[in-house]
Structures are given as structure tokens and as C-alpha cells.
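Colleague: turn this into a structure:
(3 chains)
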Amino acid sequence: MKTSVKNIIEPGTHFITGNEACALGAIVAGCRYFAFYPITPANEIAEHMSTLLPKVGGVYMQMEDEISSIASVIGSSWAGRKSMTATSGPGFSLMQENIGYAVMTETPCVIVDVQRSGPSTGTPPLPMQGDVYQARHGSHGEYEIVALAPSSARDMFLLTIEAFNLSEAYRIPAIVLSDALVGHMTESVEIPDPSTITIIERMKPKEPPEECRPFLSEDVAPMPVFGSGYRVHVTASTHDEKGFRNVENPIFVDNLVRKICMKIRKHRNEIVNVETKYLEDAEVALLAYGSVARSALHVVKWAREEGLKVGYVRLITLWPFPDEVIRDVARKVNKIMVLENNMGQIVNEVARVVGGEAEVKFLPPRILGTIHEPSYTMEKLKEVYK
Amino acid sequence: MHLKSASPRIVISEELCKGCGICIALCPMKVLDRSDKLSSRGVYPPVSVNGNKCTACRICQHYCPDLAIYIVTEEKN
Amino acid sequence: MSEAYQHPLMKYVRKGALRQPHCSGCGNGIIAQCMLRAIDELGSDMGKMAFVSGIGCSSWIPSPFFNVDMLHTTHGRPLAFATGVKLGNPELRVVVFTGDGDGAAIGGNHLIHASRRNIEILAVLVNNRIYGMTGGQVSPTTPHGMKTTTTPYGNLEHPFDLSKLVEAAGASYVARWTTFHVKQLVSSMKKGLLKEGFAFIEVVTPCPVQYGRYTGIKDPVESLLMLKKLSVPLSKAKSMSEAELEGRIVIGEFVDRDVVGLTKAYRQLLAEVGA
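Modeller: Numbers count the residues shown, from 1 in each chain, chains lettered A, B, ... in the order given. Model (predicted):
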């Protein structure tokens, strides 16, 4: 890490919002291009980036809409910079076509979606977890994606870095699926010494241009950035390993779609991250992610004090879904209660992998647009626990 | 004795030519005409019929949408 | 391709991509050649350039034909992607190829803002006055009254004057030519490549297949000569009435000014901030 970064972000305890922590994490990860269109509740990320980026030689661009924001992020990534954008639901919807472009062209980039109550305009400053399916399949066509769910301001810092690392390692767009509560909450964040944080850079080609295959590797292809002499042809039409279009033969479609998907599926176990506590003797597990997980953990501890054998599962990776980890949890417990601030999205994935191993229950908050009140959850938990 | 320099050489690619006819129509010296032989691409490419009239103005070369014709002179390609 | 065929511009073209996909007589190939001639005459290093295109026939001018770093993007968005490329590596000379649908319909907003930002990009907008690739639908530059696949009763709308639009939005260099005016086009492209600001060149081109279907002028030579006939130089147009200019194509250089470009302004900011 450059020493200039150290001067900007002093290691130690900072009392900051999730959005500010996200901006700091991006800078530490090496982000040097950020494009944005104003939208609540993501604006503070942009405000911090616009102040910090020029200090490290980076570029802040306010584009004319969310579509051009993600487009310029992809362009900048091919010019060689780690690039990021941030938005909320309505902007996330607009970005989907170009997120698909980033998947198709294997362009590393990070998209932060600070989810708000929807659908449509909804209520900007209130949190919801309504974009989970959209993160998975918001763009048309068949593909895989990576989405991380921060639960705290500290997570916003660390998971933004993780998103950059995953995007560079696998040449994919990585989504940070935050929400208005996590983005706007102010809490203590331990910023570690940046030199202790692992930063991953995209692989450069070693072979000469004639031999370089910049796409659709059996694993992950090297990325020849513009101006490095490779004259790379980047297209979102169906293409071959050299990046040249072939839209005549379905064999090319088959090769491309399988490789794009398998790139993530093959590495699922390295990518997924799940936090579990109190599972050894648990009979019921509370499963949650994002801001809701804070409330869930509080209930689990309270339940344990009352003698209930309750475990805690926090999904940090939403996509790819951590199939095997959740299947393991289902073997240990009798019931899994999934808490989400929506009408049931990730719960369907849980039910899919669990099969008949455990009973799966779904609990939205008493009032959608807020996170679960512990007393409400406790009351519902006790009904399930019997 | 005055030595006359060789006429410019007109090079045509039947593989690239799509038979649009622009070079034939625009040549100010009427050097080119349509071949009566169908090319492998199913079109009638140009042929030089008045090669000695060519002044190497390169209108044919510069207007060809397919880079299918160029002029070679002694000084430059 | 025969070894003996050594077209002087072949060195700028990808091996195996020599056969361009455009229809016979399409102006795209003429514009492609003009671009390569401009690069050749300037002695530019294509290795230090990046081309960006959208979706449509004209987006296939540089892709995959030109042997260059190429970003073939989503419909309407090449200017937005190109903005990122240029800001990401300001050392690259960035050129955008777009069309009347790609650049002025779905991409209209990005055209306006790229002009306003005065970002150091050359944008070549190929105007065939129709949506060619999708079969001949009306576009924002289709003449009033014209029949197309989606205006079977005649176009009720009036076309953009793109050069005026881009000039008002703030571009540093604005020109319009047709594919008949190759000499002027090459000259404008050279100016545009060197311009330290947003350079916009609109090139009106024949579309013998789709546009020609509706005008009845399907022959490539006739379509090209029709553009020559319809063209009016700016100097002459200034003294003509609106009625006299109806249906005509005003050609020339409309704007050529020097205003600090965005990447230069950003460089100055970085120096001030002490990056």
C-alpha cells in the first residue's frame, strides 16, 4: 500500500458511518476511479470519495445517470484502474444491463447497492433487503455473480476490500449489498494498518499478444489492459477465448455461458463466507444477513440466557449461495428460522439446499422497512422452539 | 530522349470487392469498367480497361469501402 | 488473402478481419478508410489509442477491423464507457464510433454531457438517418415525412440538427461531412484526433439497403452521388432561407475552439491537491 494512503486513513478506532467506512475501504483496496449519480442513501459514499480520491491521484466522476456511472467504471477498469460505483434500488435497476456487460467481458469492478425500501421510489432512508434476487439475476441472460452483505460499519470497510479482491481475482463485477441502516449508522470501526491487509491485483498476461487468450479461460484469464500493447478486442457479443465475436455457431454460446458460470461455481467454497455461533448443541438456528443479523445475534444471546438452545448463522456471502455450509447447519439443527427484511428471498435458497434435513421457517420484521424488534423475534422463536 | 515513366499499377482484390461500382463511376479518366466474370463472392468486380489513362489520383482507392483497390506508383505505394 | 495484396492501410487492420461486414456500397467502409488515413497521415501509434463503439452498423467500423484496443459496448453507451477509458488512462487517445440511433436516441443524454464536459475524445457519429441493423426503423435524424418500417404513413417528427445540438452543449470541435467528402473528412478527423477537448464529427452516409428501400435509391453509386447533390457548404447555407435548406445537408466545420478539456482540468486539480 502506498504511504499516501496511510496518511489519509490513520489506523485505529474511528467513529464513522457505514458509508464513510465503505469509501475508506475502497481507497485502501486501491480504488482509483469512482463514478456516481446522486441517490439516497448512498450519497455519503460519493461525498467521501470525491474528497479522498484526488488526494491519492484518483478520479471522482459524477455522471449523468447510473447507466453511465457503471459504464464509465467498466471503461476505467479496462484502462487499468480499480473502479467502483455506488447506488440504491432505482439506480441498481438502471445498472443491470451494464452489470451484465461486466460479467460478459470479465471486467473487474465493484457495485455498492445501499438498499432502501421499495419497490420503485419507496422510502429512501429506510432499509429493506429487497434487492437480493435482483443482485443474483437483475441482468438478463444466464450468469453467476458475487454479492456480499455487510452488517456493520466495520463490515462496510472490510467487505468493500473483499469485494475488490474477489473482483480482481475472478475478473467479475462484485456487489456489496448494504442497506440504509448499515450505510447510515455511526459506530466504532477499527481501521487496521493498511499494510496488514491483503490486496489482490488482476493477473497480467505473461505471454506475447499473438498467444494471449484474454477471455474464457478454464480458470481465470489474464487481463491485458488498454495501452499495454495487446490490442485486445472486448465485446459483449458471444465470443471466443481471443475475444472475437462468433454468433453463428451455438458451440460458442455453450462454451461461453458454461465458462462464465463455472468460473464462480468451481470456486464457491473459496468465495463463500458464513459466520456461525452457538451451533454445537443448537436445536433451532436463527439465520440472517446484513443489518437484520445484528438483531438476530442479540436474540440468540438472550435466548441462550433463558436456556433455549439457539444457534446463530450470519450469511456474509449471499451469492454464490453457501450451499454446503447451510446443508451442514441443517444436519445439526431441527429448525432454521430465516429472518429477512423482505417477504422472503434468501429463505427460498435455504429451503432449497436444506431439503428435508430441517424445517425452514421465515420471519419478516413486525414492520417491513425496519429491522426485527428482539422482543417480537423472541416471541416468534418461542412458538417455533416448542 | 524523354523517358516516359511506367503507368501506375492498379491492384484489385476480388476477395475484398463487393461490386458496389463506386470506383468505376467516380474515376475521372474512365479507367475502370465492370468485369464480365463473376467473382468468388458473386459480384462483378472492376477491371482496368484504360490503364494508360490512370493519373494515380487515387479516387478509386480512397472511396473504396472495402480497401479492395489501390494504386502503386514508382514513388510510393 | 493473397500475399501479393499489400494495401497501404492493411498494417492497421487485424489479420483475419479484412472482410468488413457492411453491405455493398455502405458508407461505413469509406469512413473506416478515412479514419485509418487520418491516423496514417498523423503518424499516430495505434498502440496508444483506444476505440469505443456501441451497437449498430457503424459500431462495426472499428470492431473487429482495426488492430487496436477495442471496447465494443452496450447500445447507446459508448461515450459513457469512453469517458471512463479516457479518465482511467489519459495518455490514451480515445475515439468513439456511434450512429444516429446509438448516439442520438438511446445515447442522446451521453452525447450532450460528453460535449458539456469537453472530455478529450473524438466522437464520429455515422448518420445514415435510419436504424439500419434492425431493418429500417425511423430514427431521430430521419427526414420529416419519410416512410420507414415503423412510419408506414410517413414520419410525423422532425430530425435533429446534431451539429447544432452538440455545439450548444459545449463541444470544442464540430463538423459535418458526408461520405462523398473524403478529403474533408480525413482533414477533420486529423483535427479531431489532435483536439484537446470534445471533438464531434457527424458523417452523413448512404444506407443503400434500408434507407434506399424507402427512397427508391438502392444503387450504391446513386446513393453516394445523392449525398453530394444534397450537400450545401456552410458558407453558402448562411445566406439561404429555411425553406431553401429544407432537405439539404449543411456541411463544414461549425465550431473550432480551444477550451480546457476535462482530463487536463483534472490533472491541474490533482497538482493543486498535492496528490
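
Colleague: show me what the host helix or strand of residue A:336 packs onto, helices and strands only.
Modeller: Per DSSP states H and E, residue A:336 falls inside strand A:335-339. When contacts are defined as 3 or more C-beta pairs under 8 Å, 6 or more residues apart in numbering or on different chains; DSSP states H and E, strand A:335-339 packs onto strand A:284-289, helix A:291-305, helix A:346-354, strand A:359-363, helix A:374-385. (Each C-beta comes from the backbone N, C-alpha and C, glycine too.)

Colleague: out of these, nearest to chain B?
Modeller: helix A:346-354 (53.5 Å; C-beta to the nearest C-beta).

Colleague: report the distance from that closest one to the chain centre.
Modeller: 19 Å (C-alpha atoms, centre = their mean, to the nearest Å).

Colleague: that one to strand A:284-289, inter-axis angle?
Modeller: Per axes from the mean of the first three to the mean of the last three C-alpha atoms, to 10 degrees, the angle that helix A:346-354 makes with strand A:284-289 is 130 degrees.

Colleague: report the inter-axis angle for helix A:346-354 versus strand A:335-339.
Modeller: 160 degrees.

Colleague: I'd like the average pLDDT over helix A:346-354.
Modeller: For helix A:346-354, the mean per-residue pLDDT is 98.

Colleague: now it: buried residues?
Modeller: A:346-347, A:349-351, A:353-354 (16 or more other C-beta atoms under 10 Å in any protein chain shown).

Colleague: just give the closest residue to the residue in chain B positioned nearest to chain C, not the sequence neighbours.
Modeller: Closest to chain C within chain B is residue B:65: 2.6 Å, counting by C-beta to the nearest C-beta. Spatial nearest neighbour of residue B:65, excluding adjacent residues (C-beta to C-beta, 6 or more residues apart in numbering or on different chains): residue C:29 at 2.6 Å.

Colleague: what strand or helix carries that neighbour?
Modeller: helix C:28-42.

Colleague: buried residues in the helix or strand harbouring residue A:269?
Modeller: If you go by DSSP H and E, residue A:269 is part of helix A:268-271. Under the neighbour-count criterion of 16+ other C-beta under 10 Å, helix A:268-271 has A:268, A:271 buried.

Colleague: alpha carbons of it, as PDB, please.
Modeller: Only the C-alpha atoms of helix A:268-271 are listed here, as PDB (Å, rounded to 0.1, in the frame of the first residue of the first chain):
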ATOM      1  CA  ARG A 268     -17.700 -21.400  -4.500                       C
ATOM      2  CA  ASN A 269     -16.000 -22.900  -1.400                       C
ATOM      3  CA  GLU A 270     -13.200 -20.300  -1.600                       C
ATOM      4  CA  ILE A 271     -15.600 -17.400  -2.100                       C
END
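
Colleague: for that helix, what is the average pLDDT?
Modeller: 96.

Colleague: the worst-scoring helix or strand of chain C on mean pLDDT close to chain B?
Modeller: Sorting the helices and strands of chain C by mean pLDDT, DSSP states H and E puts helix C:210-215 at the bottom, at a mean of 91. No - using C-beta under 8 Å from any C-beta of the partner chain, helix C:210-215 stays clear of chain B, with a minimum separation of 12.2 Å.

Colleague: give me the contacts around that helix.
Modeller: The contact list for helix C:210-215 (C-beta atoms under 8 Å, 6 or more residues apart in numbering or on different chains) reads C:128-132, C:135-136, C:146-148, C:206, C:218-219, C:223, C:226.

Colleague: rerun that using 7 Å as the cut-off
Modeller: Contacts to helix C:210-215, defined as C-beta atoms under 7 Å, 6 or more residues apart in numbering or on different chains, come from residues C:128-130, C:132, C:135-136, C:146-148, C:218, C:223.

Colleague: and for stretch A:339-352?
Modeller: A:127-130, A:132-133, A:286-289, A:292, A:296, A:315, A:318, A:321, A:326, A:336, A:338, A:360, A:362-365, A:368, A:371-372, A:377.

Colleague: give me the buried entries from those.
Modeller: A:127-130, A:132, A:286-289, A:292, A:296, A:315, A:318, A:321, A:326, A:336, A:338, A:360, A:362-365, A:368, A:371-372, A:377.

Colleague: hmm, back to that, packing partners of the helix holding residue C:29?
Modeller: strand C:121-127, helix C:182-194 (3 or more C-beta pairs under 7 Å, 6 or more residues apart in numbering or on different chains; DSSP states H and E).

Colleague: each with direction, which strands does the shortest one pair with?
Modeller: Each strand that strand C:121-127 pairs with, and the sense of that pairing, follows from DSSP bridges: strand C:93-99 (parallel), strand C:199-204 (parallel).

Colleague: looking at the ones you listed, which is closest to residue A:223?
Modeller: Between residue A:223 and those, the tightest spacing by C-beta to C-beta is seen for strand C:93-99, at 18.8 Å.

Colleague: next, the angle helix C:182-194 makes with the closest one.
Modeller: Orientation check (the same axes, to 10 degrees): strand C:93-99 against helix C:182-194 gives 130 degrees.

Colleague: may I have strand C:93-99 exported as CSV, CA atoms only?
Modeller: This file holds the C-alpha atoms of strand C:93-99, laid out as CSV (Å, rounded to 0.1, in the frame of the first residue of the first chain):
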residue,chain,number,x,y,z
ARG,C,93,-6.1,8.8,-27.5
VAL,C,94,-9.8,7.7,-27.4
VAL,C,95,-12.1,7.6,-30.4
VAL,C,96,-15.8,6.7,-30.3
PHE,C,97,-17.8,5.4,-33.2
THR,C,98,-21.5,5.7,-32.9
GLY,C,99,-24.6,6.1,-35.1
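
Colleague: now it: how far from the chain's centre is it?
Modeller: Relative to the chain's own centre, strand C:93-99 is displaced by 7 Å; criterion: C-alpha atoms, centre = their mean.

Colleague: same deal with stretch A:336-349?
Modeller: 17 Å.

Colleague: burial count for residue C:233?
Modeller: Using other C-beta atoms under 10 Å in any protein chain shown, residue C:233 has 12 neighbouring residues.

Colleague: the closest residue to it other than its chain neighbours: how many residues sit nearby?
Modeller: Leaving aside its chain neighbours, residue C:233 sits nearest to residue C:252 (5.6 Å; criterion: C-beta to C-beta, 6+ apart). By the criterion of other C-beta under 10 Å, residue C:252 has 20 neighbours.

Colleague: show me what residue C:252 is bridged to.
Modeller: Under DSSP bridges, the beta-bridge partners of residue C:252 are residue C:176.

Colleague: who touches it in this structure?
Modeller: Per C-beta under 7 Å, 6+ apart, neighbours of residue C:252: C:175-176, C:233-234.

Colleague: okay, residue A:2: pLDDT?
Modeller: Residue A:2 carries a pLDDT score of 41 in this model.

Colleague: and for the one 5 residues further on?
Modeller: Per-residue confidence at residue A:7 stands at 68 (pLDDT).

Colleague: go on, residue C:3?
Modeller: pLDDT at residue C:3 comes out at 74.

Colleague: chain B versus the nearest residue to residue C:173 once chain neighbours are set aside, what's the distance?
Modeller: Leaving out its chain neighbours, the residue that sits closest to residue C:173 by C-beta to C-beta, 6+ apart is residue C:199, at 3.9 Å. Distance, residue C:199 to chain B, by C-beta to the nearest C-beta, to the nearest Å: 22 Å.
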